[in-house]
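J.: I'll drop the sequence and a predicted model, then ask my questions.
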Amino acid sequence: MLSIIIPTYNEKNNLSELYARLNTVAKDAEVLIIDDNSPDGTAEFARHLGIKVLVRPTRQGLASAVIEGFKLAKGDVFCVMDADLSHPPEIIPGMLELIKSGKADLVVGSRLVKGGGSRDWTWGKRFLSDLARFPARLLTNVKDVTSGYFMIKRSVIEGIHLNPIGYKILLEIIVKGKYRASAEVPIIFADRLGSKSKMGLVEMGEYLFQVGMLYADSLLGKIKKRS
Ligand SMILES: Nc1nc2c(ncn2[C@@H]2O[C@H](COP(=O)(O)OP(=O)(O)OP(=O)(O)O)[C@@H](O)[C@H]2O)c(=O)[nH]1
Ligand SMILES: [Mg+2]
């Protein structure tokens, strides 16, 4: 079974459309929302739609919400995606097929392979996004390491310690996870509409710290470059 893990903070307005689109492409999946007590009532609304919700008492960050989701999820395959409709649910069947056929154990929804991209991004945002990925190039050949949209077999992270810091849990999984092959499926990343970004300077600082920790592990020989 597929478990779809969706971290949320103030995403009430996006849930109806997201859930409807998920039901069209992955109606047998377990959908799980990890909400950090959003003031806009995301959790109550999700329950009203019939979605399973874990509410944490305070805002504890995206990466730790995803890790919490992994603990709760019942499936043997996990998909992680944002709630803000940036990540098109329509590629889920294709991602799942890559995993089921054994072609990959880790599949990334990628803006950086042929057919992928980001809509409505300013030059500045694109530049920052490229810059952020640069130091990770020594750690992996996966192109879109900062994507928040990915699918893995449960076994990829079983028994692995994932650092719950910041925003970019995928990089942690790419570097430390147990998988034979990875794949990238193109997505056109649609910029969030109508609400404010939660990515700020603190999150950027946490990301740099995370990359630093991964470098340290790699220098100590604890991890090797992954393809
Ligand atoms: N549970 C939880 N979810 C969070 C937290 N911060 C962000 N999220 C959710 O994580 C997903 C990604 O957050 P976004 O704010 O869209 O991050 P982003 O895509 O890098 O930034 P945008 O360009 O603003 O969309 C969304 O579904 C958010 O609601 C948090 O602290 N806790
Ligand atoms: Mg977003």
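T.: Looks like it arrived, so ask away. Numbering: from 1, shown residues only. Ligands and ions are numbered 1, 2, ... in the order given.
J.: Report the separation between the two terminal residues of stretch 189-208.
T.: Using C-alpha to C-alpha, to the nearest Å, one end of stretch 189-208 lies 23 Å from the other.
J.: just stretch 97-108 next, same as before
T.: One end of stretch 97-108 to the other measures 13 Å (C-alpha to C-alpha).
J.: so for that stretch, what's the average pLDDT?
T.: In this model, stretch 97-108 has a mean pLDDT of 98.
J.: and it, which residues are buried?
T.: 98-99, 104-108 (16 or more other C-beta atoms under 10 Å). Where C-beta positions appear, they are placed from N, C-alpha and C, glycine not excepted.
J.: repeat for stretch 63-76
T.: Buried residues in stretch 63-76 (16+ other C-beta under 10 Å): 63-70, 73, 75.
J.: okay if I get those as JSON lines plus secondary structure, distance to Glu184 and pLDDT?
T.: Formatted as JSON lines, these follow (DSSP: H, G, I helix; E, B strand; the rest coil; distance: C-beta to C-beta, whole Å; pLDDT from 0 to 100):
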{"residue": "Ala63", "secondary structure": "helix", "distance to Glu184": "21", "pLDDT": "95"}
{"residue": "Ser64", "secondary structure": "helix", "distance to Glu184": "25", "pLDDT": "96"}
{"residue": "Ala65", "secondary structure": "helix", "distance to Glu184": "24", "pLDDT": "97"}
{"residue": "Val66", "secondary structure": "helix", "distance to Glu184": "19", "pLDDT": "98"}
{"residue": "Ile67", "secondary structure": "helix", "distance to Glu184": "23", "pLDDT": "97"}
{"residue": "Glu68", "secondary structure": "helix", "distance to Glu184": "26", "pLDDT": "97"}
{"residue": "Gly69", "secondary structure": "helix", "distance to Glu184": "22", "pLDDT": "98"}
{"residue": "Phe70", "secondary structure": "helix", "distance to Glu184": "21", "pLDDT": "98"}
{"residue": "Ala73", "secondary structure": "coil", "distance to Glu184": "23", "pLDDT": "98"}
{"residue": "Gly75", "secondary structure": "coil", "distance to Glu184": "22", "pLDDT": "98"}
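J.: would you turn these into a markdown table with distance to ligand 2?
T.: Conversion of the buried residues of stretch 63-76 to a markdown table gives the following (distance: C-beta to the ion, whole Å):
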| residue | distance to ligand 2 |
| --- | --- |
| Ala63 | 14 |
| Ser64 | 17 |
| Ala65 | 14 |
| Val66 | 14 |
| Ile67 | 19 |
| Glu68 | 19 |
| Gly69 | 17 |
| Phe70 | 20 |
| Ala73 | 21 |
| Gly75 | 23 |
